[in-house]
Every structure is written in C-alpha cells, then in structure tokens.
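Chemist: got a predicted structure here, sequence first:
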Amino acid sequence: MGLLGLIPLVGAFVGLALILYSIFRYKDKLLFLIGLAGIVFSIFIYSSLFALTKTSTVKTALAQFSQQSLNSLSRNLEFYKIEHGHYPDSLEELQKDVMFAPISDPVAKFGAHMAFHYENRGDKYLLFSAGKDGIENTIDDLYPDIKFDSSKIKFNFIKRKD
C-alpha cells in the first residue's frame, strides 16, 4: 500500500489510511512515516503544478491556444449568422447550436469570467480575450486574427425544383 503513495492524490488518501492504521491498529512508526510521506508527496506534486501554471512560459502557451480558440469561435459566429441571419445574443446561445464551440478562455483566471468576452452589436460583434494579465483593455488583449478569402468557399448543394 505504501507504493500507492507515489500516485498523486491517491497517495494522500492512502497515506491518511496508513497513518490511521499505524496509530490505531499496528502502533508502528515506520507505517506512520510511509503514510506521511504519501501525503507530503501529493501536496508537493500539486503545489508544483500550481506554481508551474503561474510561469510566463505556460501563460504564453495558453495565450497561443486562446488565440486559436478565438479564431475558431469567430468562424463559428460567422457560420451562425449565415444560418440564422443574425449573430447570437450570447456565446451560450451559439454553443446550443454548435455544441463544440470553444467559448471558454484558456488564459482566464479561475473564478474570474471564464468565457471569452462577447458583445452582439447588431450586424457586428466584439469578441476578445483579456490576455495573460486577465485585465480588459490592456495591450495584451487578444482578438480574432483570421485571414479569410471568401472566394475559396463553395457550397455544394442542390436546390430541389418543385
């Protein structure tokens, strides 16, 4: 059971069980230390992962992923307008129509506004990410960046003649 202590999170629960066994059943100090080591190992792994997400390298990678998601979301919004004649009132409305539309911002801070910022402005829309700092209207905000040539789109469908 001590080897299960090397599996993060599982190790914390196994460690707790080993500590309780060492105190109430076996009265063994070594078993207590193995259980404690499992708990400490899990705490170390998860705190390291948390600290890693705060590095600039990870934030830069998340910003690149966020940019790709914005570009994909912008395409989804345009196709929604083609199908319905108007832009959706919210990203949640878009997601009802396009189930896998990426509306969550990867660089958003947990507990903050997790979706991309979207406003329907009639025949236009505002869509952006607050960027790495999480503050709107700063230099690191991300906007859709789509190079689009409408001549390359061909709709291959046949109209039924009645």
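Modeler: Arrived safely.
Chemist: drop to CA atoms for contacts and neighbour counts, all remaining ones
Modeler: Will do.
Chemist: before we move on, what SS does the most centrally placed residue in the chain have?
Modeler: In the chain, the residue lying closest to the centroid (CA atoms, centre = their mean) is P106, at 4.2 Å. Here P106 is coil, with the state taken from DSSP: H, G, I helix; E, B strand; the rest coil.
Chemist: that one and L62 touch, don't they?
Modeler: Yes. Using CA atoms under 8 Å, P106 is in contact with L62, at 5.9 Å.
Chemist: going on from the longest helix along the chain, what's the next piece of helix or strand?
Modeler: In the chain, with assignment by DSSP state H, the single longest helix is helix 56-84. Later in the chain than helix 56-84, the nearest helix or strand by DSSP states H and E is helix 91-97.
Chemist: and the contacts of that following helix?
Modeler: 76-77, 80, 88, 101, 103, 118 (CA atoms under 8 Å, 6 or more residues apart in numbering).
Chemist: can you rerun that using 6 Å?
Modeler: 88, 101 (CA atoms under 6 Å, 6 or more residues apart in numbering).
Chemist: can we start the residue count at 631 from this point?
Modeler: All set: I'll call the first residue 631, so the last point we hit is now helix 721-727.
Chemist: with just CA atoms, put that helix into CSV.
Modeler: Provided in CSV are the C-alpha atoms of helix 721-727 (Å, rounded to 0.1, in the frame of the first residue of the first chain):
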residue,chain,number,x,y,z
LEU,A,721,-21.8,32.6,-26.6
GLU,A,722,-24.0,30.2,-24.7
GLU,A,723,-26.7,30.6,-27.4
LEU,A,724,-24.0,29.8,-30.0
GLN,A,725,-23.0,26.7,-28.1
LYS,A,726,-26.6,25.4,-28.2
ASP,A,727,-26.3,25.5,-32.0
